[in-house]
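J.: Curious how this folds, go ahead:
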Amino acid sequence: MKAPLDLDQLQTFISIADTGSFTRAAEEVHRTQSAVSMQMRRLEERIGKPLFEKDGRTNKLTEEGDRLLSYARRLIYLNRETLAAFDDQRLEGTIRIGTPDDYADRFLPEIMARFSRSNPRVELTVVCEPTPGLVEHIKR
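T.: Numbers count the residues shown, from 1 in each chain. Have a look, this model is predicted:
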């Protein structure tokens with residue numbers, strides 16, 4: 001039986017896929033660029049397929065890399081969800097958020113979905129309206 005995949009390598013792999021750069025991914029995961037390169041060499045050896053190809057100054061996923069990305073995201077999410085399920089410090093209660101309309105449509109859906117999955121015991125309430133109305137809510 002093959003050894004299990006390394007979650008740190010998968011997180012780094014996701015960062016490279018998201019940023020298109022080993023250097024920017026290294027900053028995100030707080031490692032040196034050479035450490036990130038070594039992690040990816042080891043991951044490619046483990047998978048037995050090349051995961052990246054150079055495309056000018058960016059690193060593009062190969063077909064195999066694209067397939068792995070979906071699995072990697074799910075594994076990292078499941079790991080976080082598992083840890084949160086056993087965290088005695090998990091959040092509970094209600095959080096009220098006020099935001100201008102234009103931000104709500106663009107940014108909140110994905111952020112709220114991720115937060116809700118990680119914090120299932122927290123109820124989110126969102127008020128979306130122009131800024132002057134939000135200021136009045138805060139004053140009350």
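J.: doesn't T94 make contact with V126?
T.: No: judged on Cβ atoms under 8 Å, V126 makes no contact with T94 at a distance of 11.4 Å. The C-beta positions use only the backbone N, C-alpha and C, and glycine is treated the same way.
J.: Strands of this structure, residue ranges please.
T.: With DSSP state E applied, the chain shows strands at 52-55, 58-61, 93-99, 122-128, listed in chain order.
J.: A85: which of those is closest?
T.: strand 122-128 (14.2 Å; Cβ to Cβ).
J.: I'd like the distance from P4 to R46, if you could.
T.: Look at P4 and R46: by Cβ to Cβ, to the nearest Å, they are 9 Å apart.
J.: Those two: which has the busier surroundings?
T.: R46 (14 against 8; other Cβ atoms under 10 Å).
J.: Spatially, and excluding backbone neighbours, which residue is closest to the more buried one.
T.: L5 (6.7 Å; Cβ to Cβ, 6 or more residues apart in numbering).
J.: ok, G20 - contacts?
T.: Taking Cβ atoms under 8 Å, 6 or more residues apart in numbering, we find G20 in contact with T58, N59, K60.
J.: change it to 10 Å
T.: F52, D55, G56, R57, T58, N59, K60, L61 (Cβ atoms under 10 Å, 6 or more residues apart in numbering).
J.: Quick check: PyMOL command selecting the buried ones in those.
T.: To isolate in PyMOL the members of the contacts of G20 that are buried, counting by 16 or more other Cβ atoms under 10 Å, one can use:
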select buried, resi 52+59+61
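J.: Pull the most distant pair out of the contacts of G20.
T.: Taking Cβ to Cβ, no two of the contacts of G20 sit farther apart than R57 and L61, at 15.4 Å.
J.: between the strands of the chain, which one is nearest to E81?
T.: strand 122-128 (14.3 Å).
J.: In the closest one, which residues are buried?
T.: Buried-residue list, strand 122-128, by 16+ other Cβ under 10 Å: C128.
J.: Now do it and strand 93-99, the angle between them.
T.: If you take axes from the mean of the first three to the mean of the last three Cα atoms, to 10 degrees, strand 122-128 sits at 20 degrees to strand 93-99.
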